[in-house]
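Colleague: A structural model of the following input is requested.
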Amino acid sequence: SEPRKVQRTVKSSPTVVQLNSVPTEQRQVSTELTETIGRKRDEDTASPSDVTEMIAEALQDNSGSGDSPKFCESCPARWQRISLIVLVAGLYFLDTCASTVFVPLVPRYFNTSDSDISIGVLFGVKALVQIMANPFLGLMTTHMGGMLTLAGTCGLYIIVMLLNAFAAKTSGRYATVVTARVLQGVAGAGLGSGGPPLLAAIYLREEDRGDIIGRVMTGFAFGAMAGAPIGGVFSLHDNIDTAWQQPFLILTGVAGSICLFTCFLWAKLPKVFYCGMPKNYRQDERKPTPLWQLLKDPYILVMCSIGCVANLAVSALDPLLPAWADDHFSPPPSEWEVGLAYLPLNFAYLVTAPLVGHWIHKWPYWRPALASFLLGAAAIFVLPFLPSSLFWLVALPSFVLGVGMGFVDIVTYLAMSTMMDARHTATYCNVYALIDMAFSLNYLLGPILGTGLGQAFGDDWAFFSLAILLVACSPLSLVLRYERKQRLGTRPKSQRAREEEPSYLPSHTYMMTSL
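Modeller: Numbers count the residues shown, from 1 in each chain. Presented below is the predicted three-dimensional model:
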């Protein structure tokens, strides 16, 4: 019978079971268990029931549900994992708030001698620098670790806030603010290359990663919601130098607190996090996939294109919406009312991101990606048809746009980590750097596209053109359907329905056979 067979195998096996004929990933998971059973065999205390119980407990402890390991090797404690999530979300809040708080202050802070081109450079230089810095920071983070990158990012944010706060004390305030924006672009690249990859390396299961990314993106939404209103309140101050300085002094205090928290957390983490990234069961002896090789993967390029184009409509609205609102509504809305039109978008993103992150593993990736394109197109298409006397109705398409952004951002982050697990080496710094480059390119090209369409066709037809662009690009999401079929095509139908892990993972059958 089967119990006797197991007993004979244990008694006849050497002290340490040889597993040279099985893959490296399986040996890493099972070696410790086989050594324990070998010692019990020497002591004649390993009964068949003991073997079965030890196998079940080992798999359950590592997986949480018995399907696959839940965390990486040298996994941090629960409070440390929660602290890492709070840290990355806080840095996203700081970066987004610093990018939006000065928008209401710029028209007053820079006098009329500063040309429109100079102001455009001020807004666009951060995204441009972030695109250029991402490949280098992705490579650095792969070899030096996410915590080291995040610690350096915190230090850069402190310098950025201090430069902005004391720009009025320098002889060239414009050059000082541009320098601060350049450094903020480097810090943003460090955040994108260090934060999400570190969390993806710790949380191994798809449903956990979706939850974590959804929670982290709430920091981005809070920063967008808080930045512009704070800047608008301080812009009412009579002294514009004081109005500019005060919000950045507050953000300097926030950046300093996050930096102290980072250093404390770094000292408490396992040693593998001091200068490196944690390993997981998917990694093998291959080197991390370089960025240039990822650019040859058509599915990764399609996913980056989806993340860039689907958000392009939102960034293109920045130059279009104020001018269109002045012409379309009677009486024209004030500046603070136009600013409030973005509040439903950020609120919808704040609500949608964690909900989508919680449920995204149950859906094929192409469905939420397609939904984001169609929701964005519908929201922009209806704008010219709003009644001219009811400006508050802009809140409805704004809310729909926020829902679409929540869909596409979460599915982009999660799909990239899944593709890396299935198609490349399971190290995520380079691929997340690529995602950050796509999002930065969107923020760089969006205002240029919106301004060009508005000047060429007028505001109404600019909206129609953006909606047509989103509908025309929506078939990109269907490419992900073929990627999913290719990734799951070798599995039995029952396994494909349950979205189980690849076949090389250790199972009860394998463990019993190896023993």
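Colleague: in stretch 141-159, what counts as buried?
Modeller: 141-142, 144-159 (16 or more other CB atoms under 10 Å). To be clear about C-beta, it is placed using only N, CA and C from the backbone, and glycine gets the same treatment.
Colleague: my bad, stretch 467-487
Modeller: Buried residues in stretch 467-487, counted by 16+ other CB under 10 Å: Ala467, Leu469, Leu470, Cys473, Ser474, Leu476, Ser477, Val479, Leu480, Glu483, Arg484, Arg487.
Colleague: just how off-centre is that stretch within its chain?
Modeller: A distance of 20 Å separates the C-alpha centroid of stretch 467-487 from that of its chain, computed with CA atoms, centre = their mean, to the nearest Å.
Colleague: next: stretch 172-187.
Modeller: Remark: stretch 172-187 is offset 24 Å from the chain centroid, using CA atoms, centre = their mean.
Colleague: tell me where the model's unsure across the stretch 151-300 of the chain.
Modeller: 271-286 (pLDDT under 70).
Colleague: report how many residues lie close to Asp238.
Modeller: Taking other CB atoms under 10 Å as the criterion, the count of residues near Asp238 is 6.
Colleague: before we move on, what about the one 10 residues further on?
Modeller: Counted by other CB under 10 Å, the residues lying close to Phe248 total 23.
Colleague: now do Arg78
Modeller: Neighbour tally, Arg78, other CB under 10 Å: 8.
Colleague: identify the residues contacting it.
Modeller: Neighbour list for Arg78: empty [criterion: CB atoms under 8 Å, 6 or more residues apart in numbering].
Colleague: with Ile410 instead?
Modeller: By CB under 8 Å, 6+ apart, the neighbours of Ile410 are Gly210, Ile213, Gly214, Met217, Ala353, Val356, Gly357, Ile360, Pro368.
Colleague: residue ranges of the helices in the stretch 151-300 of the chain, please?
Modeller: 173-202, 206-234, 240-268, 291-294, 298-328 (DSSP state H, counting those that start in this stretch).
Colleague: and Asn239, how many residues sit next to it?
Modeller: Close neighbours of Asn239, defined as other CB under 10 Å, add up to 10.
Colleague: make that Arg205, sorry
Modeller: Around Arg205 there are 18 residues (other CB under 10 Å).
Colleague: could you measure from it over to Val471?
Modeller: Between Arg205 and Val471 the distance is 35 Å, computed by CB to CB, to the nearest Å.
Colleague: and what of Val408?
Modeller: Applying CB to CB, the value for Val408 to Val471 is 15 Å.
Colleague: can you check Cys97 too?
Modeller: As judged by CB to CB, Cys97 and Val471 stand 33 Å apart.
Colleague: quick one: low-confidence ranges for the stretch 351-500 of the chain?
Modeller: If you take pLDDT under 70 as the line, the stretch 351-500 of the chain has these spans: 426, 487-500.
Colleague: quick one: the strands in it?
Modeller: Counting by DSSP state E, counting those that start in this stretch, no segments of the stretch 351-500 of the chain form strands.
Colleague: report the buried residues of the strand or helix carrying Pro107.
Modeller: Using DSSP states H and E, the element containing Pro107 is helix 106-109. Neighbour counts over helix 106-109 (16+ other CB under 10 Å) mark Val106, Tyr109 as buried.
Colleague: pLDDT (mean, whole number) over it?
Modeller: Averaged across helix 106-109, pLDDT comes to 74.
Colleague: just checking, what packs against it?
Modeller: In terms of contacts (3 or more CB pairs under 8 Å, 6 or more residues apart in numbering; DSSP states H and E), helix 106-109 is packed against helix 240-268.
Colleague: just the angle between the helix it packs on and helix 173-202, please?
Modeller: Relative orientation of helix 240-268 versus helix 173-202 (axes from the mean of the first three to the mean of the last three CA atoms, to 10 degrees): 30 degrees.
Colleague: distance between helix 240-268 and the chain's centre?
Modeller: Worked out by CA atoms, centre = their mean, helix 240-268 lies 22 Å from the chain centre.
Colleague: give me the secondary structure label for Ser330.
Modeller: Secondary structure, DSSP: H, G, I helix; E, B strand; the rest coil: Ser330 is coil.
Colleague: number of nearby residues for the nearest residue to Gly223 once chain neighbours are set aside?
Modeller: Excluding the flanking residues, the one nearest Gly223 by CB to CB, 6 or more residues apart in numbering is Thr96, at 3.0 Å. When counting by other CB under 10 Å, one arrives at 21 neighbours for Thr96.
Colleague: how far away is Thr96 from Ile212?
Modeller: For Thr96, the distance to Ile212 (CB to CB) stands at 18 Å.
Colleague: again with Phe407
Modeller: Going from Phe407 to Ile212 by CB to CB gives 17 Å.
Colleague: now render the buried residues of stretch 467-487 as CSV, adding distance to Ala379.
Modeller: Below are the buried residues of stretch 467-487 laid out as CSV (distance: CB to CB, whole Å):
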residue, distance to Ala379
Ala467, 8
Leu469, 13
Leu470, 10
Cys473, 15
Ser474, 14
Leu476, 19
Ser477, 17
Val479, 24
Leu480, 22
Glu483, 27
Arg484, 27
Arg487, 32
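Colleague: quick check, nearest of the residues you listed to Ile380?
Modeller: Nearest to Ile380, judged by CB to CB, of the buried residues of stretch 467-487 is Ala467 at 4.7 Å.
Colleague: which residues touch that closest one?
Modeller: Neighbour list for Ala467: Ala313, Gly376, Ala377, Ala378, Ile380, Phe381 [criterion: CB under 8 Å, 6+ apart].
Colleague: ok, the residue nearest to the second one when sequence neighbours are not counted to Gly124 distance?
Modeller: With CB to CB, 6+ apart as the measure, Gly404 is the residue that lies nearest to Gly376, at 4.4 Å, once sequence neighbours are left out. For Gly404, the distance to Gly124 equals 24 Å [CB to CB].
Colleague: more neighbours: which of those two?
Modeller: Gly404 (28 against 16).
Colleague: residues in contact with the more buried one?
Modeller: Gly404 makes contacts with Ala310, Ala371, Ser372, Phe373, Leu374, Leu375, Gly376, Ala379, as judged by CB under 8 Å, 6+ apart.
Colleague: adding distance to Ala462 and neighbour count, write these out as JSON lines.
Modeller: JSON lines is the format used below for the contacts of Gly404 (distance: CB to CB, whole Å; neighbours: other CB atoms under 10 Å):
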{"residue": "Ala310", "distance to Ala462": "18", "neighbour count": "30"}
{"residue": "Ala371", "distance to Ala462": "24", "neighbour count": "20"}
{"residue": "Ser372", "distance to Ala462": "20", "neighbour count": "31"}
{"residue": "Phe373", "distance to Ala462": "18", "neighbour count": "25"}
{"residue": "Leu374", "distance to Ala462": "19", "neighbour count": "15"}
{"residue": "Leu375", "distance to Ala462": "19", "neighbour count": "23"}
{"residue": "Gly376", "distance to Ala462": "14", "neighbour count": "30"}
{"residue": "Ala379", "distance to Ala462": "14", "neighbour count": "25"}
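Colleague: now go through the residues you listed and say which are in helices.
Modeller: Among the contacts of Gly404, the members falling in helices (DSSP state H) are Ala310, Ala371, Ser372, Phe373, Leu374, Leu375, Gly376, Ala379.
Colleague: quick check: closest non-adjacent residue to the first one.
Modeller: The reference is to Ala310. Val408 (4.2 Å).
Colleague: could you double-check that the one you found lies in contact with Cys308?
Modeller: No - using CB atoms under 8 Å, Val408 makes no contact with Cys308, being 9.7 Å away.
Colleague: okay then, goodbye and thanks.
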